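[1] next input, structure requested:
(one chain, ligands or ions: 2)
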Amino acid sequence: MSGAGAVASRSLWPVRTCGGLRTLSAYGRRIGVRFRSSGMILDSVSRAGVGRILRVDHAGEYGANRIYAGQMAVLGRSSVGPVIQKMWDQEKDHLKKFDELMVTFRVRPTVLMPFWNVVGFALGAGTALLGKEGAMACTVAVEESIAHHYNNQIRTLMEDPEKYEELLQVIKKFRDEELEHHDIGLEHDAELAPAYAVLKRVIQAGCSVAIYLSERF
Ligand SMILES: [Fe+2]
Ligand SMILES: [Fe+2]
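    Ligands and ions are numbered 1, 2, ... in the order given. Just a heads-up that it's a prediction; the model follows:
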């Protein structure tokens with residue numbers, strides 16, 4: 001393999017630019033992204049796949065932020081306020097990371113962002129109006145859906161774990177934190193919410209629709 005070919009095979013989502021080969025700090029200190037001028041390095045299939053992954057994950061983290069904002073608007077001064085705030089703070093970090101990755105890989109956000117803004121806040125505030133149990137039921141439902149979604153992505157990316165190593169690390173870390181949020185919801189009486197099973201099923205059906213739409217639009 002030629003020198004250039006060897007570099008290409010090791011590159012993490014290399015992108016075509018007018019410049020030569022250079023390295024960006026895409027994931028803070030941990031990830032290098034190589035830009036090449038020779039073209040044909042970027043696999044259009046994997047680029048489209050990564051774009052889809054980043055778009056839907058960015059939308060999901062944005063939606064999660066809006067849900068916790070809605071919950072805090074109702075329950076911020078209650079006994080569970082600090083618990084919700086702590087989870088929201090982690091969601092802010094998740095969103096920040098995907099914001100950075102969207103810029104680095106030139107992926108546009110979903111056109112549905114204004115919709116998720118309103119729907120997310122309404123879902124958070126609406127379930128919080130049922131009481132802290134309602135808010136926690138919402139957290140359990142949403143976080144379970146997001147963790148399941150991240151697991152699906154991890155399985156897909158594991159088809160080429162070397163190529164997607166850094167993205168895998170990010171998604172695995174976030175998946176673990178979403179599962180922690182899920183468990184916090186259960187620990188705070190989510191299952192005592194009115195019509196818990198129905199509420200959870202309806203919210204998770206909504207999450208599936210949101211994922212489907214955000215991947216495509
Ligand atoms: Fe998150
Ligand atoms: Fe979460």
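[2] switch to C-alpha atoms for all contacts and neighbour counts from now on
    OK.
[3] buried set for the helix or strand containing Ala135?
    Assessed by DSSP states H and E, Ala135 sits inside helix 132-157. When burial is assessed from 16 or more other CA atoms under 10 Å, helix 132-157 yields the following buried residues: 132-147, 149-150, 153-154, 157.
[4] so what does that helix touch, helix or strand wise?
    helix 44-75, helix 113-128, helix 165-187, helix 196-216 (3 or more CA pairs under 8 Å, 6 or more residues apart in numbering; DSSP states H and E).
[5] just checking, Tyr150 touches Gln169?
    No: the pair Tyr150 / Gln169 is not scored as a contact, 11.4 Å apart, by CA atoms under 8 Å.
[6] return the residues in contact with Met72.
    81, 84-85, 125 (CA atoms under 8 Å, 6 or more residues apart in numbering).
[7] and these, which two are furthest apart?
    Greatest spatial distance among the contacts of Met72 (CA to CA): Gln85 and Ala125, at 14.0 Å.
[8] so for those two, which sits in the more crowded spot?
    The residue with more neighbours, out of Gln85 and Ala125, is Ala125; 24 against 16, by other CA atoms under 10 Å.
[9] coming back round to it: okay if I get the helices and strands packed on helix 132-157 as a markdown table plus distance to Glu91?
    Below are those laid out as a markdown table (distance: least, CA to CA, whole Å):
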| stretch | distance to Glu91 |
| --- | --- |
| helix 44-75 | 6 |
| helix 113-128 | 13 |
| helix 165-187 | 9 |
| helix 196-216 | 16 |
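[10] state the distance from Leu213 to Ala59.
    Distance, Leu213 to Ala59, by CA to CA, to the nearest Å: 10 Å.
[11] spatially nearest residue to Leu129 (excluding sequence neighbours)?
    Val74 (6.8 Å; CA to CA, 6 or more residues apart in numbering).
[12] now that neighbour: how far from Asp89?
    To Asp89, Val74 is 17 Å away according to CA to CA.
[13] before we move on, what about Leu213?
    26 Å.
[14] and what of Leu192?
    From Leu192 across to Asp89, the span is 25 Å (CA to CA).
[15] now do the buried residues in stretch 69-82.
    By neighbour count on 16+ other CA under 10 Å, the buried set for stretch 69-82 is 69-72, 74-76, 80-81.
[16] quick check: which element contains Asp89?
    helix 81-104.
[17] run through the neighbouring helices and strands of that helix.
    Using 3+ CA pairs under 8 Å, 6+ apart, helix 81-104 sits against helix 44-75, helix 165-187.
[18] between those, which one is closest to ligand 1.
    Taking CA to the ion as the criterion, ligand 1 comes closest to helix 44-75 out of the helices and strands packed on helix 81-104, the separation being 4.9 Å.
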